[in-house]
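**Student:** Let's see this in three dimensions:
(one chain, ligands or ions: 1)
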Amino acid sequence: MPANDRYSRQILLKNIQRDGQEKLTKSRVVIIGCGALGTTIANNLARSGIGHIRIVDRDIVELNNLQRQNLFDEDDIGFPKASNAAKKLRKINSGIKIDCIVDDVNHENIENIIKDMDVVLDGTDNMLIRFLINDACVKQGIPWVYGGAIETQGMTMSIIPGQTPCFRCVIQDLPEAGSLPTCDTVGVLNTIPAIIASMESTEALKILLGKDINRDFLIYDVWQHDFNVVEIEKRKSCECCVKHNFEFLNAKKKETIISLCGSNAIQITPISGGKISFEELGEKLRKLGDVSSDEIVLKFRIPGYEFNIFRNARAIIYGTNDQKIAKSLYARYIGV
Ligand SMILES: [Zn+2]
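**Tutor:** Below you'll find the predicted structure:
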C-alpha cells in the first residue's frame, strides 16, 4: 500500500483495514440537515471515503452560520446549504458520489429520500423531523444516528431497527411547541456540534462495518466536561418500534400550515399544541428583534418578517408566502 494512498491512515487502523475500506467505498449514507452537525458529519464521511453521500437541507447560508458550519465560507452566503456543501465536498473527494436535495423534509418525501441508503444521519435541529426519521427508518429497517447540540451540551444515540430501542422509546412524543430552546434563541458553542457530529460519524462507520455500536443515550457538556451515559430500554408499548403505528409518517401527527391569501403571510399551528409563556419567549426574542405583547398576542419583528404568536403556539408569520421559509422561521425562533 503506497504511503500516500488517500485512505492509507484509515486502512492501517485495526478496526477498518483494507476490507473495511472496501465496504465503506460501497456504502451509502444520507445526512438530513446541513448545519453545524451536518457539515461536520459530511466532511468526516466524505474524507473517510463513503461511496455515496446524500445531503438534504432546505435553508440558505447566512452570516451567523459561519461561526460553526464548517463547510461554508463568506462566498456561500445567500446560497442553498445542501448544494454548496456538495460542491465543496466534491473538491475534497472527487472519487465518491455526492448528491444533494434542497428541500423541506416531510412525511411525503422522507421515504424516498432515505430509500436504498445504508445509514441515516441526523443533522437537523428539529424534533418533528427526528420523529419522522424514526418512523421512516423503523418502517424501512434502516439504521439511523440521532444527534443534537445546543448551548454547550449535546446528545447522541444510535438506532438499529429490530435490535435497539428507537427514538420514541426515549422521547415518547413531540414536545410542546415553544417548550424547547433553539440555537437561535439561546446560542451554541461551535465545539459541541463538532464533537457530537464526530460521534455520529464514528457510529455510522461502525454500523457500515458491521461492528458493535453504542447502545446508550449519551449526553455531553463540553463546558462542564460532564459526560452522562443513560441506558435505554425498549418501551413495551412504543407506538413506533413495537406497534408499528407510524403516526408521524402517516401524517396523523402533522402541523397545519395555511397560506393567508392576499396578506403575504403563513399561519402555522404545531402538532403538539403548546402553552407559550409570553414572558419567557419575549425575554429570549428581545435579544434578537423588537418584541411587544398584550394578553392575546406576542409580536416579534426582525428585518423582513413579523411574527404574531398566540398562547396556544399558533403563529402567523408575515413577510413570506413560502411555507418552507415560514416553517424554518418557526423552528428557529419558537422551536419544534
Ligand atoms: Zn420504540
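
**Student:** What residues does the stretch 201-336 of the chain have near the ion?
**Tutor:** 238, 240, 241 (CB under 5 Å from the ion). Any C-beta I mention is one placed from the backbone N, CA and C, and that applies to glycine too.

**Student:** ok, so of those residues, who is nearest residue 320?
**Tutor:** Among these, residue 240 lies closest to residue 320 (CB to CB), at 32.9 Å.

**Student:** And for the residue nearest to the closest one when sequence neighbours are not counted, the neighbour number?
**Tutor:** Sequence neighbours aside, residue 168 is the residue nearest to residue 240 in space, at 4.3 Å (criterion: CB to CB, 6 or more residues apart in numbering). Neighbours of residue 168 under the rule other CB atoms under 10 Å: 25.

**Student:** Heading C-terminal from the longest helix belonging to the chain, find the next helix or strand.
**Tutor:** The helix that spans the most residues within the chain, counting by DSSP state H, is helix 191-208. Counting by DSSP states H and E, the next helix or strand C-terminal to helix 191-208 is strand 217-221.

**Student:** Show me what whichever helix or strand comes after that following strand is packed against.
**Tutor:** For strand 217-221, the following helix or strand on the C-terminal side (DSSP H and E) is strand 226-230. If contacts are counted by 3 or more CB pairs under 8 Å, 6 or more residues apart in numbering; DSSP states H and E, strand 226-230 sits against strand 217-221.

**Student:** What about the residues of the stretch 201-336 of the chain next to the ion, which one has the most neighbours?
**Tutor:** Counting neighbours by other CB under 10 Å, the top entry in these is residue 240, with 26 neighbours.

**Student:** show me where the stretch 101-250 of the chain has strands.
**Tutor:** 119-122, 144-150, 153-159, 217-221, 226-230 (DSSP state E, counting those that start in this stretch).

**Student:** want to throw those into TSV with mean neighbour count?
**Tutor:** Below are the strands of the stretch 101-250 of the chain laid out as TSV (neighbours: other CB atoms under 10 Å):
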stretch	mean neighbour count
strand 119-122	28
strand 144-150	26
strand 153-159	25
strand 217-221	18
strand 226-230	11
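
**Student:** quick one, which of those strands is nearest to residue 110?
**Tutor:** In terms of CB to CB, the element of the strands of the stretch 101-250 of the chain nearest to residue 110 is strand 119-122, at 9.3 Å.

**Student:** contact partners of the closest one?
**Tutor:** Contacting residues not belonging to strand 119-122 are listed as 27, 29-33, 37-38, 41, 45, 114, 130, 133, 136-137, 142-148, 200-201, 204, 207-208 [CB atoms under 8 Å, 6 or more residues apart in numbering].

**Student:** Please repeat the previous calculation with a cut-off of 7 Å.
**Tutor:** Strand 119-122 is touched from outside by 29-33, 41, 114, 130, 133, 137, 142-147, 200, 204, 207-208, with contacts defined as CB atoms under 7 Å, 6 or more residues apart in numbering.

**Student:** same thing with stretch 88-98?
**Tutor:** Residues from elsewhere that reach stretch 88-98, judged by CB under 7 Å, 6+ apart: 42, 46, 47, 49, 50, 51, 52, 53, 71, 86.

**Student:** Now that stretch - C-alpha only, CSV.
**Tutor:** These are the backbone C-alpha positions of stretch 88-98, laid out as CSV (Å, rounded to 0.1, in the frame of the first residue of the first chain):
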residue,chain,number,x,y,z
LYS,A,88,-17.2,21.8,-1.5
LEU,A,89,-17.2,18.1,-0.8
ARG,A,90,-16.6,17.2,-4.4
LYS,A,91,-13.4,19.3,-4.2
ILE,A,92,-12.4,17.4,-1.1
ASN,A,93,-13.1,14.0,-2.6
SER,A,94,-13.7,13.6,-6.3
GLY,A,95,-13.7,9.8,-6.0
ILE,A,96,-17.1,9.5,-4.4
LYS,A,97,-20.7,10.2,-5.4
ILE,A,98,-22.3,13.2,-3.7
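
**Student:** buried stuff in it?
**Tutor:** Buried residues in stretch 88-98, defined by neighbour count with 16 or more other CB atoms under 10 Å: 88, 89, 93, 96, 98.
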